[in-house]
Structures are given as C-alpha cells and as structure tokens.
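Participant: After the sequence you'll find the predicted model.
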Amino acid sequence: MYRMILACAARDVTQAKRFGLPIAQIAYQIAADGTLHRASAAEKADGGFLFLTAEEQIITQKNHLAQLSQAIVEECRRQNFSAVLLAMFKSHPFFHHLVQLLSAELKALGIGLYLPETYAESGEWAQIIIPTAIWAGSLQQKLEKAIAAYGKERICLDIERLRLDFSLGSQAEHGEKLSAQSLYEKRKQHQPNSYFSQDLQAYYFSYEDKSGTHFVLYDDTYSIGEKLLLAQQLGITESIVLYPEVADILPGLVAKLSGLMQKNGG
C-alpha cells in the first residue's frame, strides 16, 4: 500500500484533512534552550505525525537531552501520534544524541521515527527521508543508491515541488526559488518551450534576459506523479509533501496515488 503524508501548519489542518491522507502537523519546535515548544494554534491531533523542527542556534547541553526526549515521547502518548518526523537537515551533535535516545524509546513503544539521511546512522531502524528535488544527475540512480544503503522499506520520499531559476553566469549552485506567480510570469513573458527530463523527473526550459541565460526547473501534477510512479516501481511505498506547495494540484496527486494503490491491490 502506497501512502502520502501531508505536512501542514495548524491553520491548514482542517482543509488538508479533506483529502483523507495522514497529517503531519508542523506545530512543534525544539527551542535553543533544548525545550519542546508547541504552537498555541495547534489543533488536537489525535493521531498522525509529530512534525518536529528546531531553531538554528542550539546552545543547550547534553544534560537536557533526556528531558527533551521524554517530553517528545509524552506528547506522542498524549496526542496519540503514530510517528515522530524530524525535519532538521543540518548535522548537529545535539540532534544525533537526541535521535539515539528517541530511537530506543519510540521503538519500545511501537511509535515510528522518520529521519533526514544526515541522522541515519543514529537511528538504525528508522525511516529515512530522501529528497527528490535534484538539479543534476538521475533521480532513479539516487533512489537506487538509497535503497542499497537502507532497504526500500525504510525509504520515505520528501517530494519538494521544484520552482528553481538558475542563472548560467552565476556562482549559485542551487538556483533561485520562484513563487508560483513568478514562474507563471516568466513563462508568460518569454513563451519558452518546456521539456520533461526523465533523469530529473521534472520539467525545464531556458530563457534569456539582460543578465544572461537562465535555466528553470519546475514541477506540476504530471512530474510529481511520475516521481510517485518511479518510487512505486522501485518498491518505495511512502512519501511526504508540504501541503502549501501542492494544495492547487493535490486532487490530481490523490487520483494518481489512488491509481498506484489499485495497481498494487491495496
């Protein structure tokens, strides 16, 4: 059975629930002092995922770890969360130690744990989050490498909706993020021909302005659907998307997801 997890802020939970998908409410943060904070606007969860972020500057000491780990576990019990999803992608010793503590406690309670690949070595049984947003190489090869390292049953795709503008004369490696409106305006102004990249599983086009030549990557319903299909073909059965990024195309993605589930008989 393939499932897609919707990560959304508290204000979007009611709308997101209409699609019948698991919800990861972005309502929890580890503060700089190592304490667990819950957004005051957070809805009563009663299931779903505890989506956990952190402030960039962590100044706490190791002796706060046990208290923090226990606070997360207690929140899972209180809200009946089925899993904890850590969204800290930069490596930090404090979080490595936290993952080690959480991994043991959550496993004993039958509560899942989702980790960025940065922390894979600290949580040997956890699900590993693999981003699909690439701008070079092959997504299939990237996923095959992850499967070889962790096993297909432990992979959860992070499907980020691409809208990136690369200036070919710039030193920037990752491109400028575009809003939906900016992408629309560039396409309207330059009227470029768009092409689909089988390697990147995304659309692209080029245009020129006074600053030089630009290369733009973007996703739509079809390209994200193709990523879901590729995952299914490789035996990966789980993904997570940010609700605000896909709200306008979510009905189409749910239909694609339903098709994958029917194909697999689940």
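Facilitator: Sure thing, it's come through.
Participant: Now do residue 11 against residue 244, distance only.
Facilitator: Applying CB to CB, to the nearest Å, the value for residue 11 to residue 244 is 10 Å. Quick note: C-beta positions are derived from backbone N, CA and C, even for glycine.
Participant: How about residue 226?
Facilitator: Using CB to CB, residue 226 is found at 22 Å from residue 244.
Participant: With residue 262 instead?
Facilitator: Residue 262 is 28 Å from residue 244, by CB to CB.
Participant: Could you do residue 76 as well?
Facilitator: 25 Å.
Participant: Settle it for me: which of the two has more neighbours?
Facilitator: residue 76 (22 against 15; other CB atoms under 10 Å).
Participant: which one is the more buried one nearest to, not counting chain neighbours?
Facilitator: residue 111 (5.4 Å; CB to CB, 6 or more residues apart in numbering).
Participant: Tell me how many other residues crowd the residue lying closest to residue 250 once chain neighbours are set aside.
Facilitator: Counting by CB to CB, 6+ apart, residue 250 lies nearest to residue 19, which is 6.0 Å off, once chain neighbours are set aside. Counted with other CB under 10 Å, residues neighbouring residue 19 total 16.
Participant: Surely residue 19 and residue 8 touch.
Facilitator: No - judged on CB atoms under 8 Å, residue 19 makes no contact with residue 8 at a distance of 10.6 Å.
Participant: Could you tell me which residues make contact with the closest residue to residue 176 other than its chain neighbours?
Facilitator: Of all residues not flanking residue 176 in the chain, residue 165 sits nearest, at 4.6 Å (CB to CB, 6+ apart). By CB atoms under 8 Å, 6 or more residues apart in numbering, the residues touching residue 165 are 175-176, 178, 186, 214-216.
Participant: next one: residue 243
Facilitator: When contacts are counted by CB under 8 Å, 6+ apart, residue 243 touches 6-8, 12, 15-16, 250.
Participant: Which of those residues are buried? Put it as a ChimeraX command.
Facilitator: Remark: buried members of those, expressed as a ChimeraX selection using 16 or more other CB atoms under 10 Å:
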select :6,7,8,12,16,250
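Participant: per-residue pLDDT, residue 213?
Facilitator: Residue 213 carries a pLDDT score of 93 in this model.
Participant: Could I get the CA-only coordinates of whichever strand or helix holds residue 147 as PDB?
Facilitator: Assigned by DSSP states H and E, residue 147 falls within helix 139-150. Presented in PDB, the C-alpha positions along helix 139-150 are these (Å, rounded to 0.1, in the frame of the first residue of the first chain):
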ATOM      1  CA  LEU A 139      16.700  10.600  -9.500                       C
ATOM      2  CA  GLN A 140      16.400   6.900 -10.200                       C
ATOM      3  CA  GLN A 141      20.100   6.400  -9.500                       C
ATOM      4  CA  LYS A 142      19.800   8.500  -6.300                       C
ATOM      5  CA  LEU A 143      16.900   6.400  -5.100                       C
ATOM      6  CA  GLU A 144      18.600   3.100  -6.100                       C
ATOM      7  CA  LYS A 145      21.600   4.200  -4.000                       C
ATOM      8  CA  ALA A 146      19.400   5.000  -1.000                       C
ATOM      9  CA  ILE A 147      17.700   1.600  -1.300                       C
ATOM     10  CA  ALA A 148      21.000  -0.200  -1.400                       C
ATOM     11  CA  ALA A 149      22.000   1.600   1.800                       C
ATOM     12  CA  TYR A 150      18.800   1.400   3.800                       C
END
